[in-house]
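**Q** generate coordinates for the sequence data below:
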Amino acid sequence: LQVPRAPSQTAAGSESRRFANKHSKKALKASLTLGILLGMFFVAWLPFFVTNVTQAVCGCVPAGFFDVLTWLGYCNSTMNPIIYPLFMRDFKRAMGKYLPCCRRSGEPRPSAISLSMRNSNSGPRAATSLKNVL
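**A** Residues are numbered from 1 along each chain as shown. Next up is the predicted model:
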């Protein structure tokens with residue numbers, strides 16, 4: 001025996017599923033981005049650290065090989081600014097706001113005053129004179 005549902009329950013259920021589906025996609029994308037970043041970090045730096053420990057124990061690692069592994073780790077730091085915009089839309093938008101090379105033609109350039117106000121964690125202030133401050 002089935003109890004008929006009211007139309008409002010059906011609509012609320014589908015909206016709830018859509019909301020959950022949207023958030024699960026965001027969580028999956030965030031997990032993928034984090035996995036790629038950590039994977040790149042381990043691929044780049046793990047050989048360096050293993051070689052560093054080996055060098056401390058036996059001293060048998062050639063200097064040239066050690067330098068190559070050090071530069072592999074440095075390349076990881078170079079890859080981060082490339083990986084973030086590829087996988088994070090918010091990061092891409094923020095960079096587009098502040099870097100002239102990434103700005104779209106229709107977007108206005110933020111003024112120095114709006115940037116300083118945004119970074120100061122305070123709202124608009126009343127004008128104060130030097131006399132009031134002292």
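
**Q** quick check on residue 88: phi, psi?
**A** Dihedral pair for residue 88: phi -120, psi 110, per degrees, to the nearest 10.

**Q** pLDDT score for it?
**A** If you check residue 88, the pLDDT there is 77.

**Q** please apply the same query to residue 18.
**A** pLDDT, residue 18: 70.

**Q** that one in helix, strand or coil?
**A** helix (DSSP: H, G, I helix; E, B strand; the rest coil).

**Q** distance of it relative to residue 30?
**A** Relative to residue 30, residue 18 is positioned 19 Å away (CB to CB, to the nearest Å). For glycine as for every other residue, the C-beta is placed from the backbone atoms N, C-alpha and C.

**Q** next: residue 55.
**A** For residue 55, the distance to residue 30 (CB to CB) stands at 37 Å.

**Q** of these two, who's got more company?
**A** Neighbours were tallied for residue 55 and for residue 30 using other CB atoms under 10 Å; the higher tally belongs to residue 55 (15 against 12).
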